[in-house]
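build the 3D model from these lines:
(chains A and B, ligands or ions: 2)
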Amino acid sequence: MKVRKSFYLITSAMVLIASLMFSASVGAVKMPLKSIIDVIFGVGNATDKMILLNLRFPRIIEAAFTGMGLSVAGTFFQGLLKNPMADPYVLGISSGAAFGASIAIVLGFGLLGLQFFAFAFALMTIYVVYIISKKGPYIKMQTMLLAGIAISAFMSSIISLMMLLNHDEMSQIVFWTMGGFSLISWSQTFYTVPIIFIGCITLYVFSRDLNVIMTGEEIAEHLGIDTERVKKIILIVGSLITASSVSAGGIIGFVGLIVPHISRLIVGSDNRFLVPFSGIVGAAFLVLADTMARTVMAPVEIPVGIITAACGGPFFLYLLVKNKNKEVK
Amino acid sequence: MTIVNVEDLHYSYGNIQALKGINFKIDGYKMVGILGSNGSGKTTLLKNISGYLKPSRGNVFIMDKSVYKMRSKDRARIIGYVPQDMYFDFEFTSYDVVMMGRTPYLRRFQRETEKDVISVKEAMIITNTWDLKDRYVNELSGGQRQRVYIARALAQEPKILLLDEPISHLDVKYQIEVLSILKQLTAKGILVFAVLHDINLSSQFCDLILLMKDGEIISIGTPNEVITEENMKMAFSVDADVIRNPITDTPLIVISKRQGDGLTSE
Ligand SMILES: Nc1ncnc2c1ncn2[C@@H]1O[C@H](COP(=O)(O)OP(=O)(O)OP(=O)(O)O)[C@@H](O)[C@H]1O
Ligand SMILES: [Mg+2]
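Ligands and ions are numbered 1, 2, ... in the order given. Next up, the predicted model:
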């Protein structure tokens, strides 16, 4: 059992490294493996350095950490909400971010302003959802889900209204909403990567507690776990991870839903293995999806959200059908 | 020695008074059955004893220490709790679930030690669940799952075990099996409280019975003292005959009279 799980972890890490290398090598200029390694070790020629260090590396790193962050946050949100259909956006973070981004676009702010607005509104939204669902010292998870859905619907309608009234900015808003890494440079990775990385480590620390909470909050309390505190930490850290990844890469759907799902099918529900595994798988998945996004129709870029949704949609349907068959049995 | 001492316990959910002044003491490791009609406050009493709910008035002492003053980890090392039906749709093996019972003994980054493994194995052997150790809990039968949860509580190595309707969903074979397991635990130095609905099985297996009605204890004592026609009428509004079980020589209720209070069968 243990041996098999470590095997999965090692294999997935190797797949991730291969994806990173592959992604660095393809593009308008083909880059052989040797040049990539040379550049990493600081040798290599100036053109290679320029392409890799300034263009491909920041983008690949951002995609990897976003994939990891969304998958880890998704794993925790699914466990916490005891709902396998939950994802990091389910509590309204994404619509909050989109709302903030739309305001910034309409007001004509630059990229940095847009990111700041997206980040701030994402956190504000989750805070409102949290306040609504708080009853005394307790958080009602079911109320959180419903409040998240309601607020998302409300925000989406306002975004639609803003797009109607600001025709010129409409395509920009739509493009941002679909998610993508085409505008990423080191200045984005510089602030998102530390937040996502520290966030994931923090969540991982609570993976054993989450195991127990998933079997029942009441029983967790009886086993000496301060469930309300753990829930709060998971919500706050998960929201920070999600907000920072959305603010840089836009709303990239389905990663935080399908990656935890597939990972759970492979390694089981024990979060001590599931969390690192789905983080690694998520990173590899999004790096490959982004590579597709920038190469398939080159020189035109497809928003990466379209690629993940194209993979995620059919998978979601497959899960629904599978669940339906289970009920019939 | 007094193990549990409950003093003047009051508890309210909003303006619903669920416990209205509960007092009792238990000396020695016994099997205590809690009986009473639906909504009489049995679950609320268990959750107050476990420290999960905090009373508005009164106190619960376990070996002279107030449960509400203990750190939650310390509390989890002496009190095991098995809630009423729990079901979750995640895949954890029985072994993993029982190992969760060791949570109060493990520090955050600590790996399970040999001692934890031994404790888990012992708990699973006592409850007859060792054969199920690699099976997923969400794929077990109700009776199997119930025994796994009891094993998890035993892995806490508690002095007091609280169980909320542990046999309600089981067939008669497993009912007797679970009750026998619980009874054996008292010999190992565990005080067992079990909320039960089967009066005749309680009569046979329990050392003490606590009979509740409307948030109060209306009778406490041995089955002989508590299971009387008068008490049954008072607690459940049922006209029962109490006869003696000729084999175990314990009280046995039979419902044969025409029932008043609209319970009449046509
Ligand atoms: N979470 C709650 N919120 C409000 N009232 C509650 C809550 N839980 C229980 N009550 C009320 O408290 C009283 C005691 O309930 P409790 O669950 O302790 O009864 P019980 O004896 O365990 O009943 P049962 O045999 O049906 O399990 C009932 O009137 C019930 O309606
Ligand atoms: Mg109850």
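
OK, contacts around B:Leu154?
When contacts are counted by C-beta atoms under 8 Å, 6 or more residues apart in numbering or on different chains, B:Leu154 touches B:80, B:101, B:122-123, B:126-127, B:161, B:185. In short, each C-beta sits where N, CA and C put it, glycine included.

ok, A:Asp226 - how many residues close by?
Using other C-beta atoms under 10 Å in any protein chain shown, A:Asp226 has 14 other residues around it.

picking that back up, of the contacts of B:Leu154 - the most surrounded one?
B:Gly80 (29 neighbours).

with the contacts of B:Leu154 in mind, which one is nearest to A:Leu164?
Of all those, the one with the least separation from A:Leu164 (C-beta to C-beta) is B:Gly101, at 57.9 Å.

you'd agree the closest one is up against B:Glu122?
No. Under the criterion of C-beta atoms under 8 Å, B:Gly101 makes no contact with B:Glu122, lying 11.3 Å away.

pLDDT score for the residue in the stretch 51-200 of chain B that chain A sits nearest to?
Per C-beta to the nearest C-beta, the residue of the stretch 51-200 of chain B with the smallest distance to chain A is B:Ala76, at 3.5 Å. You'll see B:Ala76 listed with a pLDDT of 95.

hang on, it in a strand?
No. Under DSSP: H, G, I helix; E, B strand; the rest coil, B:Ala76 falls outside any strand and is assigned helix.

so what's it up against?
So B:Ala76 contacts A:222-224, B:103-104, B:156 (C-beta under 8 Å, 6+ apart).

hmm, back to that, keep only those of the contacts of B:Leu154 that are in strands.
B:80, B:161 (DSSP state E).

could you pick out which of the contacts of B:Leu154 are near chain A?
Among those, the residues lying close to chain A (C-beta under 8 Å from any C-beta of the partner chain) are B:80, B:101.

and which of the contacts of B:Leu154 is nearest to ligand 1?
Within the contacts of B:Leu154, proximity to ligand 1 (C-beta to the nearest ligand atom) peaks at B:Leu161, which comes in at 17.3 Å.

most proximal residue of chain A with respect to chain B?
Chain B sits closest to A:Gly224 of chain A, with a gap of 3.5 Å, by C-beta to the nearest C-beta.

next one: phi and psi at that residue?
When read as degrees, to the nearest 10, the backbone of A:Gly224 gives phi 90, psi 10.

tell me the pLDDT at it?
93.

residue boundaries of the strands in the stretch 101-250 of chain B?
Taking DSSP state E, counting those that start in this stretch to define them, one finds strands in the stretch 101-250 of chain B at B:160-164, B:191-195, B:208-213, B:216-221, B:241-244.

for A:Met50, which of these is the nearest?
That would be strand B:160-164 among these, by C-beta to C-beta, at 68.0 Å.

how about A:Met178: what's its closest non-neighbour residue?
Distances taken as C-beta to C-beta, 6 or more residues apart in numbering or on different chains place A:Pro303 nearest to A:Met178, at 3.6 Å, with adjacent residues excluded.

that's a strand at B:Tyr11, yeah?
Yes. Per three-state DSSP, B:Tyr11 lies within a strand segment.

pretty sure it contacts B:Thr44?
Yes. Between B:Tyr11 and B:Thr44 there is a contact under C-beta under 8 Å: 5.6 Å.

do you know how far the residue lying closest to the residue of chain A closest to chain B once chain neighbours are set aside is from B:Leu191?
Closest residue to A:Gly224 apart from its sequence neighbours, by C-beta to C-beta, 6+ apart: B:Ala76 at 3.5 Å. Noted for B:Ala76: a distance of 16 Å to B:Leu191, by C-beta to C-beta, to the nearest Å.

one step back: overlap in contacts of B:Tyr11 and B:Thr44?
B:18-19, B:53.

keep only those of these that are in strands.
Filtering those for strands - DSSP E - leaves B:18-19.

so which of the shared contacts of B:Tyr11 and B:Thr44 wins on neighbours?
Among these, B:Leu19 has the most neighbours (other C-beta under 10 Å), with 26 neighbours.

what sits against it?
For B:Leu19, counting by C-beta under 8 Å, 6+ apart, the contacting residues are B:9-11, B:41, B:44-45, B:48, B:55, B:215-216.

which of the residues you listed has the most neighbours?
Among these, B:Leu45 has the most neighbours (other C-beta under 10 Å), with 29 neighbours.

in which helix or strand does that residue reside?
helix B:42-49 (DSSP states H and E).

gap between that helix and the chain center?
Offset of helix B:42-49 from its chain centre (C-alpha atoms, centre = their mean, to the nearest Å): 10 Å.

could you identify the helix or strand that succeeds it?
strand B:57-62.

what helices or strands is the lengthiest helix in chain B leaning on?
The longest helix of chain B (DSSP state H) is helix B:172-187. Contacts defined by 3 or more C-beta pairs under 8 Å, 6 or more residues apart in numbering or on different chains; DSSP states H and E place helix B:172-187 against strand B:31-36, helix B:114-126, helix B:142-155, strand B:160-164, strand B:191-195, helix B:199-205.

having no further points to raise, I will conclude here.
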